[in-house]
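Novice: build me a model:
(one chain, ligands or ions: 1)
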Amino acid sequence: MTEMARRYMGNSVPRKEDPAFLTGHANWTDNIKLPGMLHMALLRSPYAHARITSIDVSAAEEQPGVVAVYTDEDLAPDLGMSETEAEARRAGIDVDEASETDVTPTGNDERQPRTFCGWPVTEDIKIPDHWPLARGEVIFAGEPVAVVLATDRYLAQDALQFIEVNYEPMSVVTDIEKALEDGAPLVHEKLGTNECYIWTLGTGDIENAFSKADVVVSERYIQQRLIPSAIETRAVVVQPAPLGGEFTMYTSTQVPHFVKDILSVMCGVPDTKLRVVAPDVGGGFGSKLNVYSEEVLALVLARKLGVPVKWVEDRSENHLATTHGRGQVQYIELAATNEGKILGMKVKLLADVGAYLQLLGPGIAIFGAFTYPGLYTFDAYSFECTGVFTNLTPTDAYRGAGRSEAAYAHERIMDALARELDMDPAELRLKNLMPPFDEPTMTPAGVQYDSGNYEACMRKALELVEYEELRAQQKRRRESGDVRQIGIGIGNFTESGGLSPSKVTAAVRLQSAGWEAASVRMLASGKVEVITGTSPHGQGHVTSWSQIAADALGVDVDDVEVLHGDTAIAPYGRDTYGSRSLPVGGVAVHLACEKVVDKARKLAAHMLEAAEEDIEFEAGRFSVAGSPNQNVTIQDVAGAAYLADNLPEGMEPLLNADHVFDPPNFTWPYGTHVCVVEVDTETGMVTIPKYVAVDDCGPVINPAIVDGQLHGGIAQGIGQALYEEALYDEDGNLVTGTMVDYLIPGAPEVPNMILDRTETPSPTNPMGVKGIGESGAIAAQPAVINAVIDALSHEGVTHIDMPASPMRVWQTLQAARGRDARSRDADLSGRPSLSSDPVQDSVDEV
Ligand code: MCN
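Specialist: Just a heads-up that it's a prediction; the model follows:
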């Protein structure tokens, strides 16, 4: 690409999206109000496991404004249970037997699927039935049991308390290790086990690597459950067409195309009759990469009653019923020589899938399997993951999904190995980095990374953070017995960003193609419409794709409109997650633009009466080589293509092109983050006076957007490291049901960050770009926790769990000093507190 062609790319073009967002003119799903619309509220189970012996909705039906109240039994025919099955159930006959020769209410020959798990990771995975409303039994606290429709949202909510449900409480299991013990209560009795799947991967001779090692370090880490906290909670509105049979669903989702495809199958609405629109979406962080029971219910109720139905989740429901992230126990071992050369790595995971399998739930931990080796090279690797059912909210994608957990484990154990060998953690890492490469290169996990120069990136980060000076300062503080100790933590990472090649996703049993589609239309005016299958919810695709199209076509960035998030406008798309939108969807835009230019070149040659080979294209103008005054603009060409009265023989009118890009590989962005913490050894309070991140995501389209993505991701990583944890009591009740109990970092907790980059183009796509959307949320946790441990390592601290709350840090230090950690009168749950002010008065020194 010529310099001229990069007029916009590489520059921080202000985000086109922001004026509407910042002035209250965005179109959130909750803004949608339709005539005759009914509001839906859900009665949710207060028990984590119970048999439902009766439900009486009669009193709720009498409440003001209430139009209808339904339980699973009432809705059975709408929810995929045939009339035969429903009748059998009412008559007390075994429903499974009765359903064997079923025909669905929509007349299909096969029974509708009860749930859609799109990632059955093994052939023998156990997938429990999952109905939108509980069928005879509740499996987690928060599971929907009955639904009220009323003329007003508040009336619907008020009526819930009049529904009488008799529950027979059953035994509960909330701990994944205990869930696998003999005699543990069964989450799904029918399955006869709490084990959902076992998935393995191995390369090299792992036993040999461990047997010849001088040193073996073994660690156990906990990835606590996290609650995704998008600004906008989930929301859905379904509008049936006046004559029925056709539906428009507005839903706050990352994946309108998934929602359309899956609901069409689940609910028996032909895909030609279901339009799904993602209006402006206030964040998702992975939690809106799903198809939820509430979306199913809104659709089937709108179909049943023939009126629009709306549901908006409140914040407490969000905590209870939107999928959680993480939830793993990680066992990891490294074998190494005395000189610090890694020989092999063993990983064993237990992954909490929760009560049911949501869209990608079982695959999340597996996605990380390929990145446990990180940036390092060694000979042998073994990985095993056991998915485990618990009576808790289902888990699924959360920013960094799987790879975040991997980076945490490999960076924590690198520090553990460094301590074991008494070696500087930076030096140990530098010793084991893969050498630079610019074409696909095999890794210990048996996948090919695309390109990388890890050492250059890491050295840049160490230089920026002034590593040597920090170590000297740390030494001084230790020697002076300063109350506030400094710690330095490194987080090296790579990730499979750009989800991606359809053949690879199929190979790991992910039931989703990985291509992305784009259409580019030049209108008669010469202005441009870009239609993308990606579905931004905070990532600035409108601006980025405008930059890509404007440079490729040589037009003004403001002359490009980007349309997205509506299956009627963008019929083909695989949506937004897995840092895929630029490396797959943005590249599709670029390639569609190239097709437009190719066609325009032919027409320009015809208009200029020159041979096509003699036509040059620069900054939106076609000219004849050697005769620059003989030229037409691409806008002139678009007009001519529209008028179509003087086209070359056989050329179709209009200047349009489509491209569907299915890349050959993932992209593998990487980086080194270095976090500097100050730990107050008297209170356990951790503050972050300095944070440096050097990332490599190939060529950057919009530096301000990339920085913004990093800021957000790092803030989330700091959240996991220091503040956030979904806590349950032993009966499976969520204790952190509100934002008062579940702490997310606010502006005072997020430090200023020093961001820099290296640029190693990816050979995976013609633009060389790699994703960035998750990088911050992958690198930050290990960097922060390694720094906290490093600050206290001279006191003998070698481990701390996340979140490293003041209480937990203080207790860990007391334990290391051999004192009774219970002597401080306080809550021992380890929950963090933001109440003390993170004074950073020595920031300047650091
Ligand atoms: N970009 C760029 N140059 C690069 C790489 C990226 O300019 N070399 C720009 C892209 O053009 C795009 C943005 O950065 O505008 C992010 O692109 P990409 O890395 O392709 O990631 P996605 O757009 O696919 O976003 C998904 C990712 C994920 S998986 C989660 S989770 C996430 C995230 O992005 N959730 C978010 N960022 C979020 N940001 C907001 N505000 N809200 C969320 O819910």
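Novice: when you work out contacts or count neighbours from here on, use the C-alpha atoms and nothing else.
Specialist: Will do.
Novice: for the residue most central in space within the chain, give me the pLDDT.
Specialist: With distances taken as CA atoms, centre = their mean, residue 286 lies nearest the centre of the chain, 3.0 Å away. Looking at residue 286, its pLDDT reads 97.
Novice: same question, the one 4 residues further on
Specialist: According to the prediction, residue 290 has pLDDT 97.
Novice: gap between it and residue 395?
Specialist: Using CA to CA, to the nearest Å, residue 290 is found at 11 Å from residue 395.
Novice: phi, psi for the closest residue to residue 404 other than its chain neighbours please.
Specialist: Distances taken as CA to CA, 6 or more residues apart in numbering put residue 778 closest to residue 404, at 4.1 Å, once the chain neighbours are dropped. The phi and psi values for residue 778, taken as degrees, to the nearest 10, are phi -100, psi -40.
Novice: OK, contacts around residue 778?
Specialist: 400, 403-405, 407-408, 493, 713, 717 (CA atoms under 8 Å, 6 or more residues apart in numbering).
Novice: any idea whether whichever residue of the stretch 401-550 of the chain sits closest to the ligand is helix, strand or coil?
Specialist: Among the residues of the stretch 401-550 of the chain, residue 538 lies nearest to the ligand; the distance is 3.4 Å by CA to the nearest ligand atom. Three-state call for residue 538 (DSSP: H, G, I helix; E, B strand; the rest coil): coil.
Novice: secondary structure class for residue 233?
Specialist: Classification of residue 233 using three-state DSSP returns coil.
Novice: what count of nearby residues applies to it?
Specialist: 26 (other CA atoms under 10 Å).
Novice: so it touches residue 320, yeah?
Specialist: No: at 11.9 Å, residue 233 and residue 320 do not qualify as touching, with contact defined as CA atoms under 8 Å.
Novice: does whichever strand or helix holds residue 405 reach the ligand?
Specialist: Following DSSP states H and E, one finds residue 405 within helix 403-421. No: Helix 403-421 does not reach the ligand (CA under 6 Å from any ligand atom); its nearest approach is 11.0 Å.
Novice: following element in sequence after that helix, please.
Specialist: Next element after helix 403-421 (DSSP H and E): helix 425-432.
Novice: which secondary structure elements does that following helix contact?
Specialist: When contacts are defined as 3 or more CA pairs under 8 Å, 6 or more residues apart in numbering; DSSP states H and E, helix 425-432 sits against helix 403-421.
Novice: pretty sure residue 599 belongs to a helix, no?
Specialist: Yes: looking at residue 599 with three-state DSSP, it is inside a helix.
Novice: who touches the closest residue in space to it that isn't next to it in sequence in this structure?
Specialist: Closest residue in space to residue 599, ignoring its immediate chain neighbours: residue 655 at 7.3 Å, by CA to CA, 6+ apart. Contacts for residue 655 (CA under 8 Å, 6+ apart) come out as 521-523, 596, 599-600, 638, 641-642.
Novice: quick one: which of those sit in strands?
Specialist: 521-522 (DSSP state E).
Novice: centre of the chain to the strand or helix carrying residue 264, how far?
Specialist: Here residue 264, judged by DSSP H and E, is contained in helix 256-267. Relative to its chain's centre, helix 256-267 lies at 19 Å (CA atoms, centre = their mean, to the nearest Å).
Novice: which residues touch that helix?
Specialist: With CA under 8 Å, 6+ apart as the test, helix 256-267 has contacts from 78-80, 112-116, 269-271, 274-278, 290-291, 296, 299-300, 535, 565-567, 571-575.
Novice: please save the CA atoms from that helix in PDB.
Specialist: Presented in PDB, the C-alpha positions along helix 256-267 are these (Å, rounded to 0.1, in the frame of the first residue of the first chain):
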ATOM      1  CA  PRO A 256     -27.200 -10.800  16.000                       C
ATOM      2  CA  HIS A 257     -26.400 -13.300  13.300                       C
ATOM      3  CA  PHE A 258     -26.000 -16.100  15.900                       C
ATOM      4  CA  VAL A 259     -29.200 -15.100  17.600                       C
ATOM      5  CA  LYS A 260     -31.100 -15.200  14.300                       C
ATOM      6  CA  ASP A 261     -29.700 -18.600  13.300                       C
ATOM      7  CA  ILE A 262     -30.100 -20.300  16.600                       C
ATOM      8  CA  LEU A 263     -33.600 -18.900  17.600                       C
ATOM      9  CA  SER A 264     -34.900 -19.700  14.100                       C
ATOM     10  CA  VAL A 265     -34.000 -23.400  14.800                       C
ATOM     11  CA  MET A 266     -35.000 -23.400  18.500                       C
ATOM     12  CA  CYS A 267     -38.300 -21.700  18.000                       C
END
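Novice: next helix or strand past it?
Specialist: Using DSSP H and E, the helix or strand that follows helix 256-267 towards the C-terminus is strand 274-277.
Novice: angle of the helix or strand that comes right after that following strand against helix 256-267?
Specialist: Using DSSP H and E, the next helix or strand after strand 274-277 towards the C-terminus is helix 293-305. Counting by axes from the mean of the first three to the mean of the last three CA atoms, to 10 degrees, helix 293-305 lies at 60 degrees to helix 256-267.
Novice: which residue packs closest to the residue of the stretch 401-550 of the chain closest to the ligand, ignoring adjacent ones?
Specialist: Distances taken as CA to CA, 6+ apart place residue 283 nearest to residue 538, at 5.8 Å, with adjacent residues excluded.
Novice: that neighbour against residue 234, yeah?
Specialist: No: taking contacts as CA under 8 Å, residue 283 lies outside contact range of residue 234: 9.7 Å.
Novice: looking at these two, which is more packed in?
Specialist: Legend: neighbour count by other CA under 10 Å for residue 283 and residue 234, higher for residue 234 (28 against 22).
Novice: for the more buried one, what are its contacts?
Specialist: Contact analysis of residue 234 by CA under 8 Å, 6+ apart lists 251-253, 288, 312-313, 318.
Novice: for residue 779, same thing?
Specialist: 404, 407-408, 491-493, 671-673, 714, 717.
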